[in-house]
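Novice: okay, sequence plus prediction incoming.
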Amino acid sequence: KKGLGTQKVWFFDVKNDGFDLGSQRRPIKQDDLPILWEKFPFKAKNDFTPPKNDNELTKAESEKSWWADIKDIEDNNWSLVAGKYKKRKIDSEFDIVPLSNICKVIGGFAFKSTDYIDDGIALIRIGDFGDGRINLSSCKFLPHDYLDKYKNFKLEAGDILIAMTGATVGKIGMINKKNIPELLNQRVGKYEIIEKTKILSEFLFYIVSSKYYKEKVLSLAVGGAQPNISAKQLESIEVPLPPIEKQKEIIEKLNQKRAIIDEATSLIEKVEREKTNVQEVFDEFDCKYVQLGKIVNLKYGKGLKKGDRKPGQFAVYGSNGLIDRIDKYFINDPTIIIGRKGSCGELILTEAQSWAIDTTFFVEIIDKNNMGLKYLFYALKVIDIDKIIIKAAIPGINRDEYLKQEIPLPNLDDQSKIIELFDKKQKLIDSLKENIIETEKSMHKIIEKMFEK
């Protein structure tokens, strides 16, 4: 209300909006938005009056939503990181202890970038963290003699690490025996167990990977755009500590779930590689090759300033996929959006009535009786974009050069068979991803059960 200062702030944790994060934004089952609207406390137009009593406060609360007093936000330097204000007390059947009772967190060394070499000993940095894994695809390397020189920072298989700075703060990773030896960089912490008779390493990994622990890390991290957390803060977090035999039982259950996820992930990677090798699919059919400019028209997208956008149902596409939904469109029919600047060559198959911005092309098939849109979507993947890309600060594609490229064009029956092959692979990937999500949920339930009676 006018003249009434903010007293409380309502937070809601949106994990899913009903669509995956790929460029196609395919529908998925997970959607937090209906729950958000159910719990949203300010449905009345222009009424932002705080709830008047505890009953109204409670109605807006859930596992995904909570209130924060404005004083708490002020005390946190006006940080709006939601996890800082989610209050949760552990009510477990097991002993509750601070991590400092069972382990300590050791920081890495500040290695100089001038020491990096093309190949050698992998250096684990905060940018190398995935979800529970260390990703070495873009890691840096140090000379082999650094293993002796900096032996206190040498990593072993099974070591549990945490990112302590930046966007990855709180992310956990475990060292894989296939990748050792490795060295530990600054702002990456390593958990070192000091009471090996009280906690198992695998159990510690699952505890620090839990939703509860991550929330506590984010609530303690300070620094706004570049959050930081100290070893002392990490060690102060309280966790449940079951007896060793119970830990073994929990580990066995979680490892079974983890094996399912690892198998599904490996299969997804295999199928994705098969999808990338599209030329092999077309080679199995009798295809003539036709210059693209003879069978399609390639049109430019239209600029769209943010100030001109009003929320609506029609999709807006940029070079890298869906970027907005507005109340108007200029492309009537389903089409293929092609990244023209930035994400050059990225392909997005759209539904009817959409908008393509000016960093893209979109296609119109000249003879729809000779080729279908979905077939064209897959056939365009054979084009070697790297050969025609314009190298610049913002890379681009020349329209005329793109239209000179040739694509395979079999008869309509074979086009249908090719579409079926690619669709089958995509359905398998979607199914596997769905399985991973459900398995991760069941893992979280097992872990979260330790935090409650």
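Specialist: Cool, got the structure.
Novice: neighbours around Gly301, how many?
Specialist: Gly301: 22 surrounding residues under other Cβ atoms under 10 Å. C-betas here are computed from N, CA, C, even on glycine.
Novice: surely it touches Thr360?
Specialist: Yes. Assessed by Cβ atoms under 8 Å, Gly301 is found in contact with Thr360 at 4.1 Å.
Novice: what is in contact with those two at once?
Specialist: Overlap between the contact sets of Gly301 and Thr360, as judged by Cβ atoms under 8 Å, 6 or more residues apart in numbering, is given by Tyr317, Ile337, Arg340.
Novice: neighbour-wise, which of those residues leads?
Specialist: Counting neighbours by other Cβ under 10 Å, Ile337 comes out on top of the shared contacts of Gly301 and Thr360 with 29 neighbours.
Novice: please report how far that residue lies from Ile229.
Specialist: In this structure, Ile337 lies at 41 Å from Ile229, with Cβ to Cβ, to the nearest Å as the measure.
Novice: what of Ser65?
Specialist: Applying Cβ to Cβ, the value for Ser65 to Ile229 is 25 Å.
Novice: more neighbours: which of the two?
Specialist: The neighbour comparison of Ser65 against Ile229 (other Cβ under 10 Å) goes to Ile229, with 25 against 21.
Novice: for the residue lying closest to the more buried one once chain neighbours are set aside, phi and psi?
Specialist: The shortest distance from Ile229 to any non-neighbouring residue, by Cβ to Cβ, 6 or more residues apart in numbering, is to Ala221 (4.4 Å). Ala221 has phi and psi values of phi -70, psi 140 when expressed as degrees, to the nearest 10.
Novice: my read is that Ala221 contacts Ser230, right?
Specialist: No. At 9.4 Å, Ala221 does not count as touching Ser230 under the criterion of Cβ under 8 Å.
Novice: the two: who's more crowded?
Specialist: Legend: neighbour count by other Cβ under 10 Å for Ala221 and Ser230, higher for Ala221 (24 against 15).
Novice: can you pull the contacts of that one?
Specialist: By Cβ under 8 Å, 6+ apart, the contact set of Ala221 is Val81, Val169, Gly170, Pro227, Asn228, Ile229, Gln233.
Novice: all helices for the stretch 201-350 of the chain, in order.
Specialist: According to DSSP state H, counting those that start in this stretch, the stretch 201-350 of the chain carries its helices in the segments 201-208, 211-220, 231-236, 244-276, 278-282.
Novice: list the helices and strands the first one packs on?
Specialist: In this structure, helix 201-208 packs against strand 160-163, strand 172-174, strand 188-193, helix 244-276, with contacts taken as 3 or more Cβ pairs under 8 Å, 6 or more residues apart in numbering; DSSP states H and E.
Novice: strands paired with the helix or strand following the second one, and their directions?
Specialist: Remark: after strand 172-174, the chain's next helix or strand is strand 182-184, criterion DSSP states H and E. Partner strands for strand 182-184, per DSSP bridges, with pairing direction: strand 121-124 (parallel), strand 154-155 (antiparallel).
Novice: winner for burial among those strands?
Specialist: A comparison of those by mean neighbour count, using mean count of other Cβ atoms under 10 Å, puts strand 121-124 on top with a mean of 23.
Novice: so how far is it off the chain centroid?
Specialist: Offset of strand 121-124 from its chain centre (Cα atoms, centre = their mean, to the nearest Å): 23 Å.
Novice: residues in contact with it?
Specialist: Contacts to strand 121-124, defined as Cβ under 8 Å, 6+ apart, come from residues 108, 111, 116, 134, 136, 139-144, 146-147, 155, 161, 173, 175, 179, 181-185, 188.
Novice: please list only the buried members of those.
Specialist: 108, 111, 134, 136, 139-142, 146-147, 155, 161, 173, 175, 182-185, 188 (16 or more other Cβ atoms under 10 Å).
Novice: next one: Leu204 from Glu63, what distance?
Specialist: Leu204 sits 25 Å away from Glu63, going by Cβ to Cβ.
Novice: counting neighbours, go ahead and name the busier of these two.
Specialist: Leu204 (18 against 11).
Novice: list the contacts for the nearest residue to Ile160 once chain neighbours are set aside?
Specialist: Nearest non-adjacent residue to Ile160, counting by Cβ to Cβ, 6+ apart: Tyr191, 4.5 Å away. For Tyr191, the contacting residues are Leu99, Cys103, Lys104, Val105, Asp159, Ile160, Leu161, Ile162, Leu204, Val208, by Cβ under 8 Å, 6+ apart.
Novice: now with 7 Å?
Specialist: Applying Cβ atoms under 7 Å, 6 or more residues apart in numbering to Tyr191 gives the contacts Cys103, Val105, Ile160, Leu204, Val208.
Novice: count the neighbours of the second one for me.
Specialist: Right, the one you point to is Val105. 22.
Novice: now it: phi and psi?
Specialist: With angles defined as degrees, to the nearest 10, Val105 sits at phi -110, psi 120.
Novice: so how far is Lys449 from the residue nearest to it when sequence neighbours are not counted?
Specialist: Once flanking residues are discounted, Val105 sits nearest to Ala231: 3.9 Å by Cβ to Cβ, 6+ apart. Ala231 sits 28 Å away from Lys449, going by Cβ to Cβ.
Novice: between the two, which is the more surrounded one?
Specialist: It is Ala231, of Ala231 and Lys449, that has more neighbours when counted by other Cβ under 10 Å, with 17 against 13.
Novice: what sits against the more buried one?
Specialist: Going by Cβ under 7 Å, 6+ apart, Ala231 touches Val105, Gly107, Gly189.
Novice: I'd say the first one and Ser236 touch.
Specialist: So the one you mean is Val105. No. Counting by Cβ atoms under 7 Å, Val105 does not reach Ser236; the two are 10.3 Å apart.
Novice: in contact with the residue nearest to Lys341 when sequence neighbours are not counted, which residues?
Specialist: Of all residues not flanking Lys341 in the chain, Thr359 sits nearest, at 4.3 Å (Cβ to Cβ, 6+ apart). Contacts for Thr359 (Cβ under 7 Å, 6+ apart) come out as Gly301, Gly318, Ser319, Arg340, Lys341, Gly342.
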